[in-house]
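> Requesting a structural model of the entry that follows:
(chains A and B)
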Amino acid sequence: MERPEGDIGRTYSVRRGLRKRHMIRVADTPAGARVLLESGETDELALAELPDKDEEQLGDVPGLRTPAGRLLAVASACRSGSSKRKWDAETIERAADANSGDPATARALALDALQLDCLTFFHQMQLSDSEKCWILAVHAASSDDPEGALSAVRRLPASRYRPKLALIATLFPRARARGIDTASLEEHLTPFVAEEPLARVLLRAARGTTDTLGAEELATHRALLALAAPNPDLAIRLEAGLAALSGEEPRVSESASAFGPNMRTLLALRSPRPGLVTEADVDDLPLPIVDDLLENGALTGETVLAGSTAEPRTRYLTARTDPARLDDAAIDALDHHDERARRAFDRGDSDALHSLGGSPAVRHYEALLSLRRGKPDPVVLQNVQPQATDVVRDLLALAEAKGIPGGPSAALTERLVSDSSVWPVIVELAGSTAFSADAELLARHPAFCEWLALHQAREYLFLGEWQMAVDAADHCLALARAETVRDEALNLKACGLHYLGQDARAIGALEEAVSGARSEALLANIGIVAAGLEPEVAAQHLGMLMDEAPTVDLRIAAAKRALDIWQNSDPGSWRNSDNDPLPDAFQEPIRRLAVGELTLEDFRLLMSVLAIYDSAWLADAAHVAASPHKDSLEARFYVARAQDLHDMIKVMGAAMAGGQPPQWILDERDSLRSAAVDILLENLDEPDSMFGSVALTMVDQHVLAGKEDEVLFTGLGIAGVTYHLSARAEEVADHIVSLVHKLRADWQALNTEAKDRLDAVVELATRRVAINRSQARARDHDQAVDVFNSAIDLGHSAQPGSPAYTEALSRFRAVANTCRAIRDDIRPWLPIVDHEGVRQDLDRLIDLTRQLESRCLEILG
Amino acid sequence: MPERNPYLILGVDFAASGDEARRAFAHAARRLRRQGGVWEVEDLNWALHEVEELEENPANNVSIYRLPADPHAFDPVGAGLFRPAPTRLARRTPVADEQAVNTIRAAALSELDDVLLKEIADAVQIPANGYELEVPN
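Predicted structure coming up:
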């Protein structure tokens, strides 16, 4: 930035004694300079008398144009207090005004005043109003204030100040971008239109005219374009835009994409070029324009659908560009007749097709549907659309040739074989087995021959022609390269071999098929074929299916099938590396399946299996921690079942105590009850059986259904437990004795029929406890006899009053007490034991105790 | 001899619907009358009954041989006369009229003016004194 010339506005300082005096140069004089002191005094000094200038100059504000502007800067600083100098601001301003000099300097000073925000000074300057407006406009334009600039421009005389055109040109883009009114500039532009091209452009832009550019305006634009000297890319772009606006053929370049959406659309309408109109533009364009652009190729379906968001336009545009994306309801809503007809044909829905009326499309599809269903009515030829006539005629000829030896093969035309959608119709009309793929056909249409062989193999299987099916599948395998086709051919071959009884070869074919890509169907088929030959192999493949099948239901079905095969074979021959019955073939898969994402019902099913056949694994509750049902009643119940029957009954009891137990718990209870009754009855005389305790736990946990069951299980439980203990010469606990009495009381409370049913069980329980207790008391009696004899021996040689004598008497008293205790324990059984022999034994024991007690009492005197 | 396969006997794919099975039954019965074959009418009756019983969820059955294992292997690929591509909807709007095009054109002109004027604005320098501004012409 250039600095103003001269030293007016410079500041100086000089020391006078202790004080430092500051001065500012306010004017040049013939002799030197006039300076203003802080006191308000002025002094005139010769240049030589001037002290050195201050190092820091208050008036050195960047951008100032004049020395007087420097004075204004100092005055402004003094007025605002930003400087400590005490010069009088008004005095300095007057000095500045006095220095404004010629008009050019005055204008520059005016701009300085505006720059320094000295508006009062500016307005007091000796300039005309229009001059001030212009200066204000220039200043606002330089200060990025288009609104202020245009406001000042509007106050200028309309027909003067030609440079304002350039100023407006600089303001226009910013004003439009900020939504500032430009229409009111028209009167300032019109006077210059005749001579200034820029005025013409600005005027049309200000008016927003929609007229097509005329030749003259076009020339004007182009002239301005040259003047603006844009880069070559921009010049080409603008030229294309001008051409499009004038109705000429535009030369669209890549850079056209930088235009706004409307110019790009206009260009795309004039010169179709994909990419000009983008997905972001689609929603803002009128639908007819979108259709025009689709039709002329400027818009692709992908772009339209990526950008369209508003309904129902989007549905319409989808139907226009990619109807496959619409569901049937949307197609119906659009009343898209031809697509409805096509879809009805695709589904084979002749009723729906018929309901659409007799349009050409419907008649065409009805005719094709008729052929597809194997009905070669010649009338179809009249109804199909022209492009289908030749193929349909060939199909009718093919149908005619059916039954003639070699006829169908001879009737296979190039047209028929070259359209793969026709192949199923060929087979439908003539049957797949009617053709023989000769070398020529094979060479020309290997894909058709491969497909035909696959169909022939399937058709032979449907006909029960197993060997021919195998041969056809082999033929297909010789031709096919695609893995899906080869796998299917192997599957067909395996099926044929299976029915020929060659299961080992069948499994080989299936294993070859699954070696590439596994499918649940192939795995299931291996399971089926192998089941008859080698159950364990079948189960292994079902185990894979448990892991890999796409649906849980299929995995569960595989598990059930594997269990079924295993349980219906000789389990002893299966490989089994642990102590639980479940074989290695599917032990791990079924474990993984059990703790996976299953329904609770399936979880229960598998847990019930594992609790029985894999209890050692399931007994560890950590193994079900991964299951979503790990906290369920099912998990608790079956883990307890795997651990211990008594624990399981406790879980069952807790579930039932809450009321309304789930049905499966009741079913488990009934199953347990049934099994328990069988086991208890079968093992009544088995001294090693401990199942009686299970029965008693069932009673304790209140899991049984009614009083009769409680009496039955209590009786059987007591009988079993007591027999087990008696066989080991162990005495039943007192609570068992109490339980016998409760049992008898409960039994008494039953109705007559129930009592009769349970009479034997109650008698048995009572008898066994009575026997157990009598045996225990008999052992007590034997011990008492030994004590009695020892007391006799001791007392016989002892002096009366001696310690030995006293001990002997004590022993006799103890024996007498024991005898009474034995009788007290035995007597209650006499009235309730029905068995005569047992009663006699009890009586005999009582008599023995009486005899022994009597002898003790005699000795004791 | 392996177990009978109801789908195979009727000549339908595994997991075919009851309707398909009934149609196939009629077809197979006719064929049986005309040509004979390895199956008896009793086999067909049994097979139809089995398929109807299995209709609810045959896909979870693991005791019947699955034929085909992959139904898509039998579908020839590609569109054609009997597998027509979806039909695109014919245009339902009129060709854009003059007014619509003029609206686009006016807005396009405005966009072009903006570009042009911006270029001019960038080319014009406002001098420091404001009085040496030249009008491009």
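> residue contacts, A:L202?
A:L165, A:I168, A:A169, A:F172, A:L185, A:L189, B:L117 (C-beta atoms under 8 Å, 6 or more residues apart in numbering or on different chains). The way it works is simple: take the backbone N, C-alpha and C, and place the C-beta from them, glycine included.
> any idea how far the fifth one is from A:A531?
Just to be clear, that refers to A:L185. Here the criterion is C-beta to C-beta, to the nearest Å. By it, A:L185 lies 95 Å from A:A531.
> These two - which one has more neighbours?
Taking neighbours as other C-beta atoms under 10 Å in any protein chain shown, A:L185 and A:A531 compare with A:A531 leading, 26 against 23.
> just the helices in chain B please.
Ranges of helices in chain B, per DSSP state H, are B:6-10, B:18-35, B:41-54, B:98-123.
> Nearest residue to A:R773 in space, please, no chain neighbours.
A:D825 (6.2 Å; C-beta to C-beta, 6 or more residues apart in numbering or on different chains).
> Look at that neighbour and report its pLDDT.
On pLDDT, A:D825 comes in at 93.
> Which of the three states applies to it?
helix (DSSP: H, G, I helix; E, B strand; the rest coil).
> what's the burial count for it?
Residues near A:D825, counting by other C-beta under 10 Å, number 17.
> Output the helices of chain B as TSV; include the columns mean neighbour count and distance to A:T599.
As requested, the helices of chain B are exported to TSV (neighbours: other C-beta atoms under 10 Å in any protein chain shown; distance: least, C-beta to C-beta, whole Å):
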stretch	mean neighbour count	distance to A:T599
helix B:6-10	24	28
helix B:18-35	15	26
helix B:41-54	17	21
helix B:98-123	19	60
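> Adding distance to chain A and mean pLDDT, write those helices out as JSON lines.
Converted to JSON lines, the helices of chain B look like this (distance: least, C-beta to the nearest C-beta, whole Å; pLDDT from 0 to 100):
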{"stretch": "helix B:6-10", "distance to chain A": "6", "mean pLDDT": "94"}
{"stretch": "helix B:18-35", "distance to chain A": "8", "mean pLDDT": "89"}
{"stretch": "helix B:41-54", "distance to chain A": "9", "mean pLDDT": "90"}
{"stretch": "helix B:98-123", "distance to chain A": "3", "mean pLDDT": "81"}
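> would CSV of those helices with distance to A:R340 be doable?
CSV is the format used below for the helices of chain B (distance: least, C-beta to C-beta, whole Å):
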stretch, distance to A:R340
helix B:6-10, 32
helix B:18-35, 22
helix B:41-54, 31
helix B:98-123, 31
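> all helices for the stretch 101-250 of chain A, in order.
Using DSSP state H, counting those that start in this stretch, the helices found in the stretch 101-250 of chain A span residues A:103-115, A:119-124, A:129-142, A:146-154, A:164-177, A:186-189, A:197-207, A:215-228, A:232-246.
> Pop the domain breakdown of chain A in here.
Using automatic domain parsing, the domain parsing of chain A gives A:1-127, A:645-861.
> out of those domains, which comes closest to B:A26?
Nearest to B:A26 among the domains of chain A is domain A:645-861 (43.7 Å), distances taken as C-beta to C-beta.
> distance between the ends of the closest one?
End-to-end distance for domain A:645-861: 58 Å, by C-alpha to C-alpha, to the nearest Å.
> follow-up on the earlier one: which of the helices of the stretch 101-250 of chain A has the lowest average pLDDT?
helix A:215-228 (a mean of 70).
> tell me the angle that helix makes with helix A:232-246.
170 degrees (axes from the mean of the first three to the mean of the last three C-alpha atoms, to 10 degrees).
> So which bits of helix A:215-228 are buried?
A:E217, A:L218, A:T220, A:H221, A:L224, A:L225, A:A228 (16 or more other C-beta atoms under 10 Å in any protein chain shown).
> What sits closest to A:L598 if chain neighbours are left out?
A:V552 (6.0 Å).
> which helices and strands does the lengthiest strand in chain A pack with?
Counting by DSSP state E, the longest strand found in chain A is strand A:19-28. Using 3 or more C-beta pairs under 8 Å, 6 or more residues apart in numbering or on different chains; DSSP states H and E as the contact test, the elements touching strand A:19-28 are strand A:11-16, strand A:32-37, helix A:67-80, helix A:89-98.
> Next, count neighbours for the nearest residue to A:S569 once chain neighbours are set aside.
Leaving out its chain neighbours, the residue that sits closest to A:S569 by C-beta to C-beta, 6+ apart is A:P535, at 4.1 Å. When neighbours are counted by other C-beta under 10 Å, A:P535 registers 23.
> end-to-end on stretch A:33-53?
13 Å.
> Burial check on A:L18, number of neighbours?
5.
> Which strands and helices lie in contact with the helix or strand containing A:P589?
Per DSSP states H and E: A:P589 is located in helix A:584-594. On a contact count with 3+ C-beta pairs under 8 Å, 6+ apart, helix A:584-594 meets helix A:535-548, helix A:552-567, helix A:600-613.
> And it, what's buried?
A:A585, A:F586, A:Q587, A:P589, A:I590, A:R591, A:L593, A:A594.
> One more: stretch A:406-414?
Buried residues in stretch A:406-414 (16+ other C-beta under 10 Å): A:P408, A:S409, A:A411, A:L412, A:T413.
> quick one: contacts for A:S255?
A:D233, A:L234, A:I236, A:R237.
> follow-up on the earlier one: these two touch, right, the residue nearest to A:S569 and A:L563?
No. Counting by C-beta atoms under 8 Å, A:P535 stays clear of A:L563, with 11.4 Å between them.
> mind putting the contacts of A:L202 in JSON lines, distance to A:T433 included?
JSON lines is the format used below for the contacts of A:L202 (distance: C-beta to C-beta, whole Å):
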{"residue": "A:L165", "distance to A:T433": "91"}
{"residue": "A:I168", "distance to A:T433": "89"}
{"residue": "A:A169", "distance to A:T433": "86"}
{"residue": "A:F172", "distance to A:T433": "83"}
{"residue": "A:L185", "distance to A:T433": "89"}
{"residue": "A:L189", "distance to A:T433": "89"}
{"residue": "B:L117", "distance to A:T433": "80"}
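> Most neighbours among these, which one is it?
A:I168 (29 neighbours).
> any idea how far the residue nearest the centre of chain A lies from chain B?
Nearest to the geometric centre of chain A sits A:E597, at 15.7 Å (C-alpha atoms, centre = their mean). Separation of A:E597 from chain B (C-beta to the nearest C-beta, to the nearest Å): 16 Å.
> Which of the helices or strands spans the residue of the stretch 451-600 of chain A found nearest chain B?
Nearest residue of the stretch 451-600 of chain A to chain B: A:G464, at 3.2 Å (C-beta to the nearest C-beta). When elements are assigned from DSSP H and E, A:G464 belongs to no helix and no strand.
> gap between it and A:I528?
18 Å.
> Who has more neighbours out of the two?
A:I528 (29 against 17).
> quick one, what contacts the more buried one?
Counting by C-beta under 8 Å, 6+ apart, A:I528 touches A:H498, A:A538, B:P2, B:V62, B:S63, B:I64, B:Y65.
> ok so it is a helix residue?
Yes. Per three-state DSSP, A:I528 lies within a helix segment.
> For the residue nearest in space to the middle of chain B, give me phi and psi.
For chain B, B:P86 is the residue whose C-alpha lies nearest the centre (C-alpha atoms, centre = their mean; 7.0 Å). The phi/psi pair for B:P86 (degrees, to the nearest 10) reads phi -50, psi 140.
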